[in-house]
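Participant: how would this look folded up:
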Amino acid sequence: MHQGVYLERIRGDRVLHEALTVGADPLHLALVFNLSHTAASRYATIAQNLLDDQPGVRRDAVGRESGRS
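Facilitator: Numbering: from 1, shown residues only. Now for the predicted structure:
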């Protein structure tokens, strides 16, 4: 059995963090992380779902927090 953190998991976490930070932009993710458009879209969809689930937080067009409602 393997112990520790796998590099793929760390990279996946980093991609998701970036997607949450920049507002789930698949083109940005594809360019920054050299992802296929399919993988970038999946990360962007996951990030958008997480952002949509945050109650009381409004986000502007690029995903930045713009205040509390």
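Participant: and Arg9, that's in a helix?
Facilitator: Yes - Arg9 sits within a helix when classified using DSSP: H, G, I helix; E, B strand; the rest coil.
Participant: What number of residues are in the vicinity of it?
Facilitator: Residue crowding around Arg9 was assessed by other Cβ atoms under 10 Å; the count is 10. In short, each C-beta sits where N, CA and C put it, glycine included.
Participant: And the one 4 residues further on, by the same measure?
Facilitator: Close neighbours of Asp13, defined as other Cβ under 10 Å, add up to 11.
Participant: Please identify which helix or strand holds it.
Facilitator: Applying DSSP states H and E as the criterion places Asp13 in helix 7-22.
Participant: immediately after that helix, which helix or strand?
Facilitator: helix 26-33.
Participant: and that following helix, what's its mean pLDDT?
Facilitator: Helix 26-33 carries an average pLDDT of 96.
Participant: Enumerate every residue touching Leu31.
Facilitator: Counting by Cβ atoms under 8 Å, 6 or more residues apart in numbering, Leu31 makes contact with nothing.
Participant: Ala24 versus that one, what's the distance?
Facilitator: According to Cβ to Cβ, to the nearest Å, Leu31 and Ala24 sit 14 Å apart.
Participant: Kindly report the same for Phe33.
Facilitator: For Phe33, the distance to Ala24 equals 14 Å [Cβ to Cβ].
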